[in-house]
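Colleague: Predicted coordinates and the sequence they were generated for:
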Amino acid sequence: AQSVTQPDIHITVSEGASLELRCNYSYGATPYLFWYVQSPGQGLQLLLKYFSGDTLVQGIKGFEAEFKRSQSSFNLRKPSVHWSDAAEYFCAVGAIDSGNTPLVFGKGTRLSVIA
Amino acid sequence: GAVVSQHPSRVICKSGTSVKIECRSLDFQATTMFWYRQFPKQSLMLMATSNEGSKATYEQGVEKDKFLINHASLTLSTLTVTSAHPEDSSFYICSARLAPYNEQFFGPGTRLTVL
């Protein structure tokens, strides 16, 4: 069965500190992997995605993520967190095909940033 | 990047009325759109997959007669909540799939409140 696990429901970091949000997936085929961010009352914004090639992908807002096939992980990182990064973060996995398979989302990790 | 809009962004209605929510892909054609429902502090719950020119595919437990989906063109899908009740109050988000990759772009969401 396809699934995405985000083990941390809520993380609090200090502004300027580094951040790592964990994501593990279970997928029967080669996956497409995504990280989205959602501010309160807003839709989802794509931070970055992995389709193939270099396993370290760069995204917007200074985020990056590393695909580790052996660990079935796609953790999101940022070297220095800003207060505006406080939001909900969702990891998602999809199929590498042109069909109508919807993305499978994790339950999300809420990030709080303190001064 | 690709832009998806939703209208209205917020709607308040009386119990028993019907509400239509529009989802538009503004700068690309989307043969497939997805409708999600999100409860407070929870992840997205897929309601249905909307395919242009054909019937939507509903997830288990979603009443197709209550949540009517129409995908009449390559840039527009609509979700109509019929005979709305207070328990239908939620945040509804659509996404549009950008072919050929299984990449989805999300609308800003619609907050529905049924009194």
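Modeller: Perfect, thanks for sending it.
Colleague: and chain B, which of its residues are near chain A?
Modeller: Residues of chain B found near chain A (C-beta under 8 Å from any C-beta of the partner chain) are B:1, B:4, B:6, B:32, B:34, B:41-44, B:46, B:49, B:51, B:57, B:91, B:93, B:95, B:97, B:99-109, B:111. Glycine gets a C-beta too; all of them are placed from N, C-alpha and C.
Colleague: Could you report the pLDDT at the residue nearest in space to the middle of chain A?
Modeller: Nearest to the geometric centre of chain A sits residue A:35, at 3.2 Å (C-alpha atoms, centre = their mean). Here the pLDDT value assigned to residue A:35 is 97.
Colleague: can you confirm it is in a strand?
Modeller: Yes - assessed by DSSP: H, G, I helix; E, B strand; the rest coil, residue A:35 belongs to a strand.
Colleague: And the residues of chain B next to chain A, which of them are buried?
Modeller: B:4, B:6, B:32, B:34, B:43-44, B:46, B:49, B:51, B:57, B:91, B:93, B:95, B:97, B:102-109 (16 or more other C-beta atoms under 10 Å in any protein chain shown).
Colleague: Just to be sure, which of those are found in strands?
Modeller: Judged by DSSP state E, these include B:4, B:6, B:32, B:34, B:44, B:46, B:49, B:51, B:57, B:91, B:93, B:95, B:97, B:103-106 as members of strands.
Colleague: burial of the closest residue to residue B:54 other than its chain neighbours, as a residue count?
Modeller: Leaving aside its sequence neighbours, residue B:54 sits nearest to residue B:71 (C-beta to C-beta, 6 or more residues apart in numbering or on different chains; 7.7 Å). Neighbour count of residue B:71, defined by other C-beta atoms under 10 Å in any protein chain shown: 23.
Colleague: angle of the helix or strand containing residue B:71 against strand B:44-51?
Modeller: Per DSSP states H and E, residue B:71 falls inside strand B:67-73. Relative orientation of strand B:67-73 versus strand B:44-51 (axes from the mean of the first three to the mean of the last three C-alpha atoms, to 10 degrees): 40 degrees.
Colleague: ok, strand B:67-73: who's next to it in the sheet?
Modeller: Sheet pairing here is set by DSSP bridges, and for strand B:67-73 it gives strand B:76-81 (antiparallel).
Colleague: Quick check: buried residues in the strand it pairs with?
Modeller: Here strand B:76-81 shows B:76, B:77, B:78, B:79, B:81 as buried, counting by 16+ other C-beta under 10 Å.
Colleague: can you pull up the bridge partners for the second one?
Modeller: Think residue B:77. Bridge pairing for residue B:77 (DSSP bridges) gives the partners residue B:23.
Colleague: In terms of pLDDT, where does it sit?
Modeller: On pLDDT, residue B:77 comes in at 94.
Colleague: what comes up buried for stretch A:16-34?
Modeller: Neighbour counts using 16+ other C-beta under 10 Å place A:19, A:21, A:22, A:23, A:24, A:25, A:27, A:31, A:32, A:33, A:34 of stretch A:16-34 among the buried residues.
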